[in-house]
Each structure stands twice: as C-alpha cells, then as structure tokens.
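Trainee: coords below, sequence missing:
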C-alpha cells in the first residue's frame, strides 16, 4: 500500500488558512467529515486556496472516493504546479484505485520537483510492482534502500519483487535481511514461507508461517499460505481450518476462497468447490486460472448453465495466452491440440519455468559399463488407476539393462498395490518430505539417466522436480493425456493413432512412438468371480444396456443429446452411467427429462472395488464413449472385461485414446469420426445382436493375441524407446 504525504502545517494565518489549520488537526485525528467541512468553508473565502483543495483530495482518498480525490488534487496542482506533495498524493490515489501506470507519471513529477522526496520514490516502486514491471520496481526499491537501508517494508517488498523475477536465492536473502533488521515484523516470514512452499520446502515453509502467525495472530495471508503447506503435507483438516480462518479475517480476500475451492475439488466435494470458486471470482473477476477451475467443477456436477458461452469466452482468452485454466481443467473442454499446447505453455511459463538452481545436465552421460538408471516419479504408488495399469510393467523391466528407482511423493499407504510397487523396484524412495530441488539433487546424485513423470498436470503433480532437471532425459508418460508445454520435458510417449503424422507440432516434447498403443496394461488384472444380476445393479430384466463408466465431467451436452437420440431409436434400452456425485445424477436426469426421455431409462452405478467393477461389465451390451475427453483406463477396463467400446475420435490426445486402444485390440470398426456416424453405429449394433455378438467374440479372442494386453511385448517395446533416448 502506497503511503500518503500531507502538506506541512501552513505558515500563513489568513481567515481561510486558519480554517485549513483547524481542519488539518481534525484530519490527523481521523475526523474526516468535520475537517472537510472546514476546508469547504475556507474555499468559500478563498476559492483557489491550495491547501484546502489539496487536503480535500486527501480526505476523499482516505474515504476511497477516488474520483473526487482526482478532482481536488488536480485543482490544487493547477493552482500551484510546483508542490511535489500534490503530485505524490495524486499518484497514491491513482495507485490505490488500481491505475498504477498513471500513478507512476505523477510520482516521477514529484521526484523531478523534489529529488530528495524519497517517499515518492518508495511509492513509485509499489506502483511499478502493481503494474507488473518488476525490473523497474526493483530499481526503485534498491535506490530507496541506499538512502534508508533499514526500512523494513522496502526490504520485504524487494524480496517480493525478486520472487516475482524468479530470482529465488536473492529473494530469500532479501527476506533474511528484513528479518535481521526487524525480527518482530511478520511480512518477511510470511513471504519467505510462501516461497519455500512454492519450492516444495514444506518444513521450512511451515516454520516461517508459524512464526508469522505468532507475531501477528490475525494475519489472513499467513493463514492462507499455511493452509497450502498443510494440504501438501496431507494435514487436510488443519489446512481447511486455516483457509476458513483466512476468510473469517478478511472476507474480501479472494485467494483463500480459491484455495478452499481447490481443496474441495481434490476431495470430490464439487458442490462446495463451485461455491468457493464463484466467490473468488465475485471478489476478483480476473483471478488467474479460476475461470477454468469453475468450468471444470461445473462439468463434474453436469451443471451446463451458460456452458457454451463460458467455454467460448474461456477459449478466446486461452488463445490469447491469458491465464484462464490449469491444463488438466481444459482437457474436457477443448478438442484442439494447438489450444491445449497454448494453455500448457502459459501455465509452465507462469508456474513452473526452467530454473537455474542446478547446473545444466548434458545428454549422453550414461556410463557404458552400467545399467540405465530409470526413475519413475509419482504420487500414485498405491491403489490407484495408474498402478493398476503399470504394476506388471515395473515387474517385467529387464534388470540386465535397467536399474529401477521409484520416487514416491504420494500419501503413506499399506495396500496391495503399494506392496507390489515396493517389491517391483530396485529402489523405492519416499520423498514426500523432500523439496522439489532436493528430489532433483537426489536424482542427480543417484545418476538417474531417464526421469519419467507419471503425473504431468494431474492432481498432486510436482512439476518443479523436472524444472530443476532431475535427469539428462525427462519423459512425459501415461498420467497426463497431452503435452506439458515445457522445454525441459524431452519426450512424450505416444503412438501413431494418438499423434498422427503432422500433429507433432501440437507437442512441445519430441514424440516417442510406441508401435501399437501408448497405454500399458497389466494382463493379470483380476476380474471377480461374482456373477451380478441385472436386478442387483438396478437394471431392467430385459432391454439393451448401453453404458458409460466415464467420470461425469467428461459428459457434455452434445454427447448427451446423441445418447438421447440413440435411446429413442432403441425402444426399451437404458443407459447405465457412473454416478460420481448426487448433483450430477440429478442434473443428468433433468437433462433427460428436458429432452423428452423417461429419466427411469437412466441408471446409475455406485463405485465398486476394481475386480467387482470389472465383473459387472458383463451386464452391459455396449460402452458409449465421450468426447472431447475419451475414456482412458476406463476403455481398457471395459475391453479387458469383454465389453465392446464405441468411440468418437477427436483431434487432441485425450480424444484419441480409445481409438488407440481399439486399434491395438484389433477392433477399428468401433472407431467413428463424426457424431452422426457414432450414433448410427450405436443404433446398428443395438439392432443387430448377431453382429454385436461377433464383435464380442473377436474382442475376447483378441485379448490373448493382440498387443493391447500383452504386457511382456509392451515392456520390450517401451525399453526400445528408452534405450533409443539414451543413445540419441
């Protein structure tokens, strides 16, 4: 906040000036209304009284009536254009009203008139900071600190500017200096703690934020920042309490609303998440990335109110490089590789740019006389979809060529998949409490040759590990269906269906092509012996059963409208969906009713353990896929269970996964390329049980003969890619 400078006590004691002197005393005691009345009386006597005009501007600014402040400061400057304080106060009012570039002009004039006016210099630094010109702000703060080297606010703000410039070491040194000058000032502890959080140094962050709150127990920003740290330390109840405390302390502070929205989103409490995202945007309509988070949350709820308009606005902003969405939130909204790349690059440049903390690593440094050291990095080494796909791959890697390292930064777990992962790796390293920089350093010390990021932009990712360059070769694989847009990710694992020739330009990484499908599958996944009945699942005893077990956020209005047309063409048929949350179920039923379809033809399935979930697939006749975001693991689940999947292939990675899997299982006839073809094919198969039966028989036979479920062959093919990367 810029500091205000009032005029000096006037010397002349004319009748008008006597009123000004009396008013100034009242103003100092915060009796603003009474002071203003005296200034008005002075202007009746002397309409061009500089001090009365100037002080009325100050009163208006204190009351946040900035338009009036501009008028009075402007008139004062017209009366006497040589008083530096008037320009400075005009600058402060412009700064406080959110017009920093105009403010800078007035601060410059104040300094031109009075070169020793260091408060104007300090305030100008703040305006440069607000305007986003960190370099100029830094120049001003450093000039100011030459004159006042122990001004604690300037030392703290200098650290903030250095942080904005990503000069993190210098920023920490600036905060250290501020703390040395005044260890009772909470700002540097809060800001250094937040910087430690951004670096993944959670223990140090927590210490600093605790100290900030000891000094200032009502510090809303410190509660908000500590909530972020506690969330990363899996102390969820404490994190939530901190976000709520920040809101209680400052109801106009948008960030804790945003963070609480993210908190509920991670825990699938979508109704609550939407409330908090909308509140954050109400307070701050241009809040970065919240537009995308809100849209994604609405999709989770199948809340399509104003969806088309909001999506169009979102895409326009994204194309312009504005910070509108985290890449993962854009996946179900945009079927464009080019736009998704733009969103990813915007996010990386802002949140995870290349760092200079560690020296560069050169390719081709693997000693020829040792194994290739392969590191897999994930939060999902437990009962999770990624592990269900990958467990056997880890077990089958050729140990004569590769030495396997797991870097686990997910929660502590003692489940079947965690135990399987720990047994599969040569080295299983729990790095939850390590900073991103420490993990990158550890990777280098261990001589990791290829660092494989299994998270991408999915929840609980730690992209900064790779921004620090954990290994000479870094790979985006499996977890995230698209480009990361990062200059430090060298390869993306794909296949010719996912990334056909000519589409490589949509990827910042070099495309490493698997010969069949990019997706690994465990060909020993267990399907429960349970034989479910239709009645147990709430399905009618007769009639064709279409199903889609995709997450609800992948269902968009055009998909649902197509499903309605398909069901209308097949009397007695039903659609069996997964119900992620009650609100989504209610909204989908309402959408069916609005389309004139009996909502009883919509059946919802609750989540089951994987083996039982696979077993219930036997009750369905045909799986209907979604676009822009296909089923991914969900498609391979259905195919493994013997259920055909009909897909509509899009342009971007996420909209081509099912086509990749169907091609690898030898069922290209289930890949369509237009909405009309998709609907026609679904109706044709439902009306022709013999043809559908032939497809099911082919699927069951091909599971044992085609590449999709041949883990041993897949592992060999992937290892060819890894060896090629090292040899490039």
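Mentor: Done, it's in. As the structure is a computational prediction, the values presented were derived from the model and not from experiment.
Trainee: Pull out the buried residues from the helix or strand where residue 694 lies.
Mentor: Per DSSP states H and E: residue 694 is located in helix 689-702. Buried residues in helix 689-702, defined by neighbour count with 16 or more other C-beta atoms under 10 Å: 692, 695, 696, 698, 699, 702. From N, CA and C alone the C-beta is placed, and that goes for glycine too.
Trainee: Then stretch 129-144?
Mentor: Neighbour-count burial for stretch 129-144, counted by 16+ other C-beta under 10 Å, picks out 129, 130, 131, 133, 134, 136, 137, 138, 140, 141, 144.
Trainee: how close does residue 191 get to residue 161?
Mentor: 11 Å (C-beta to C-beta, to the nearest Å).
Trainee: Can you show me the helices along the stretch 151-300 of the chain?
Mentor: 152-164, 168-181, 187-198, 202-215, 220-232, 236-249, 254-266, 270-283, 290-300 (DSSP state H, counting those that start in this stretch).
Trainee: so which of those gets nearest residue 409?
Mentor: Residue 409 sits nearest to helix 220-232 of all these, at 9.4 Å, using C-beta to C-beta.
Trainee: residues making contact with the closest one?
Mentor: Outside of helix 220-232, the residues within contact range by C-beta atoms under 8 Å, 6 or more residues apart in numbering are 186, 189-190, 193-194, 197, 200, 202, 205-206, 209-210, 212-213, 216, 236, 238-243, 245-247, 249-250, 253, 255-256, 259, 263.
Trainee: Please name the bridge partners of residue 373.
Mentor: Taking DSSP bridges, one finds residue 403 as the beta-bridge partners of residue 373.
Trainee: quick revisit: looking at the buried residues of stretch 129-144, which two lie furthest apart in space?
Mentor: The largest separation in these, counting by C-beta to C-beta, is between 131 and 144 at 17.1 Å.
Trainee: helix or strand for the residue nearest to residue 608 when sequence neighbours are not counted, which one?
Mentor: Using C-beta to C-beta, 6 or more residues apart in numbering and skipping residues adjacent in sequence, the residue nearest residue 608 is residue 616, 6.9 Å away. Per DSSP H and E: residue 616 is located in helix 610-616.
Trainee: For that helix, which outside residues touch it?
Mentor: Contacts for helix 610-616 (C-beta under 8 Å, 6+ apart): 388, 525-532, 537, 549, 605, 607-608, 637, 640-641.
Trainee: which among those residues end up buried?
Mentor: By 16+ other C-beta under 10 Å, the contacts of helix 610-616 give 388, 525, 527, 532, 537, 549, 605, 637, 640, 641 as buried.
Trainee: and the third one, backbone torsions?
Mentor: So that's residue 527. Dihedral pair for residue 527: phi -110, psi 130, per degrees, to the nearest 10.
Trainee: wait, it sits on residue 640?
Mentor: Yes: using C-beta atoms under 8 Å, residue 527 is in contact with residue 640, at 7.4 Å.
Trainee: Pull out the buried residues from the helix of greatest length in the chain.
Mentor: Assignment by DSSP state H gives helix 711-727 as the longest helix of the chain. For helix 711-727, the neighbour count (16+ other C-beta under 10 Å) marks 711, 714, 715, 717, 718, 719, 721, 722, 725, 726 as buried.
Trainee: so residue 512 sits in a helix?
Mentor: No: counting by DSSP: H, G, I helix; E, B strand; the rest coil, residue 512 falls outside a helix, being strand.
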